[in-house]
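Student: this one's structure only:
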């Protein structure tokens, strides 16, 4: 299925922003205002795009059904304005949200935006400065070595969701979690959560996020934030 693109040949006044719901990333990801994003994602996105993503997440918290984003006002709030038009710094920052799969186009003038950012991939970690790569490896090691109850629940939910998506029946998925030494109560709750996620119903309970340690202009004038990351 081909994704729609934001495509216009001149700056526009408003952009419609809606939520990008993703069960896995929403459960395992990091709030854009978290120390993890500030410490690690910032090095990849740059400050303007990071602040833009934070503002979108904050607005979607207050308006979960979506909102109209006045682009000139947002650009000024980020200290940029719309200088340079479609090749200027604000539109490039907006495009980077699509390149890193933080937003996706829903139509010619609408973006769906994530409210949580996924943990960095191995390839992305390799692009960090050496000091941050070492810190990220330490953070991953600490998280794996001594999981908190919330981390154990997150892991169980992720495994349960994966099993159901592979076609396992709920009872079989729960038994498999037992074999993986997940506590029976945690396994039961995780399967119920995964079933609710897959059916689109309200999910029981909440998930605490995992803890964290504290361009060039496009060659053409058509704006497209849905391209692949560089």
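Tutor: Noted; the coordinates are in hand. Nothing here was measured: the structure is a model prediction, and the numbers come from that model.
Student: who's the most centrally placed residue in the chain bridged to?
Tutor: Closest to where the C-alpha atoms of the chain average out (CA atoms, centre = their mean) is residue 117, at 2.7 Å. Listed beta-bridge partners, residue 117: residue 30 (assigned using DSSP bridges).
Student: isn't it right up against residue 29?
Tutor: Yes: counting by CB atoms under 8 Å, residue 117 does reach residue 29; the two are 5.3 Å apart. C-beta coordinates here come from the backbone N, C-alpha and C atoms, glycine included.
Student: mind giving me the packing neighbours of the worst-scoring helix or strand of the chain on mean pLDDT?
Tutor: When the helices and strands of the chain are scored by mean pLDDT, DSSP states H and E, helix 23-28 comes last with a mean of 78. Applying 3 or more CB pairs under 8 Å, 6 or more residues apart in numbering; DSSP states H and E, we find helix 23-28 packed against helix 149-165.
Student: can you rerun that using 10 Å?
Tutor: In terms of contacts (3 or more CB pairs under 10 Å, 6 or more residues apart in numbering; DSSP states H and E), helix 23-28 is packed against helix 149-165, helix 184-199.
Student: flag every buried residue along the first one.
Tutor: Spelled out, it's helix 149-165. Judged by neighbour count (16 or more other CB atoms under 10 Å), helix 149-165 contains these buried residues: 151, 153-161, 163-164.
Student: can I get these in JSON lines with pLDDT?
Tutor: JSON lines is the format used below for those (pLDDT from 0 to 100):
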{"residue": "151", "pLDDT": "76"}
{"residue": "153", "pLDDT": "86"}
{"residue": "154", "pLDDT": "85"}
{"residue": "155", "pLDDT": "83"}
{"residue": "156", "pLDDT": "89"}
{"residue": "157", "pLDDT": "91"}
{"residue": "158", "pLDDT": "87"}
{"residue": "159", "pLDDT": "89"}
{"residue": "160", "pLDDT": "91"}
{"residue": "161", "pLDDT": "90"}
{"residue": "163", "pLDDT": "90"}
{"residue": "164", "pLDDT": "92"}
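Student: list the contacts of stretch 130-138.
Tutor: Counting contacts by CB atoms under 10 Å, 6 or more residues apart in numbering, the residues outside stretch 130-138 that touch it are 36, 39-40, 42-44, 119-120, 124-129, 212-214.
Student: let's see that with 8 Å instead.
Tutor: 39-40, 43, 120, 125-126, 128, 213 (CB atoms under 8 Å, 6 or more residues apart in numbering).
Student: got these as CSV, with pLDDT and neighbour count columns?
Tutor: Below are these laid out as CSV (pLDDT from 0 to 100; neighbours: other CB atoms under 10 Å):
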residue, pLDDT, neighbour count
39, 94, 18
40, 96, 25
43, 95, 16
120, 92, 22
125, 95, 16
126, 95, 9
128, 96, 18
213, 37, 13
